[in-house]
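Return atomic coordinates for the entry below.
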Amino acid sequence: MENPQEPLTLADLQKTVDQWINTFGVRYFSELTNLAILMEEVGELARIFARTYGDQSFKKSDPSYNIADEMADVLFVLVCLANQTGVDLQAAMRANLEKKTQRDNQRHQDNPKLHKPSI
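So this is what the prediction gives:
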């Protein structure tokens, strides 16, 4: 596995997850199963946010949660889906950021809701 101190590119992450699956996971779950698992993981992350930053409180029965670990769970399953469907996440993110830059290069700057009112 990768050195935990080295920066991990998205391409590296995809390779590392693939190696992990093939070493420890036997095989990938089906794409539909992984999509369901992704929704479960996002739900767990949403629960933490609702209780930490939202109006809900933690229940005594809630296990202790780690936001970073839950985000990593979401990313892991998303990477599995990318690997299974042939998506190069590094290329996809570059293209997506370029799309957002072209489309939104002034949109947010021009949004008065995002600027603090002057006193």
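
Could you point out the helix or strand that follows the longest helix anywhere in the chain?
Ranked by residue count under DSSP state H, the longest helix found in the chain is helix 31-52. Stepping forward along the backbone from helix 31-52, the first helix or strand reached (DSSP states H and E) is helix 67-85.

For that next one, name the packing helices and strands.
For helix 67-85, the elements it packs on are helix 10-24, helix 31-52, helix 89-104, judged by 3 or more Cβ pairs under 8 Å, 6 or more residues apart in numbering; DSSP states H and E. For glycine as for every other residue, the C-beta is placed from the backbone atoms N, C-alpha and C.

switch to 6 Å and redo it
Contacts of helix 67-85 with other secondary structure elements, assessed using 3 or more Cβ pairs under 6 Å, 6 or more residues apart in numbering; DSSP states H and E, are made with helix 10-24, helix 31-52.

Now mean pLDDT, distance to Asn105 and mean neighbour count too, for the ones you listed, in TSV please.
As requested, the helices and strands packed on helix 67-85 are arranged in TSV below (pLDDT from 0 to 100; distance: least, Cβ to Cβ, whole Å; neighbours: other Cβ atoms under 10 Å):
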stretch	mean pLDDT	distance to Asn105	mean neighbour count
helix 10-24	97	23	14
helix 31-52	96	29	14
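
Save those as TSV, and put in distance to Asp62 too.
Shown next, in TSV, are those (distance: least, Cβ to Cβ, whole Å):
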stretch	distance to Asp62
helix 10-24	28
helix 31-52	7
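
The residue nearest to the spatial centre of the chain - nearest residue in space that isn't next to it in sequence?
Central residue check for the chain by Cα atoms, centre = their mean: the C-alpha nearest the mean position is that of Leu75, 3.8 Å away. Closest residue in space to Leu75, ignoring its immediate chain neighbours: Leu13 at 7.8 Å, by Cβ to Cβ, 6 or more residues apart in numbering.

Now for Asp55, how many residues are close by?
Asp55 sits with 6 neighbouring residues when counted by other Cβ atoms under 10 Å.

what are the phi and psi angles of it?
Dihedral angles phi and psi of Asp55 (degrees, to the nearest 10) take the values phi -90, psi -10.
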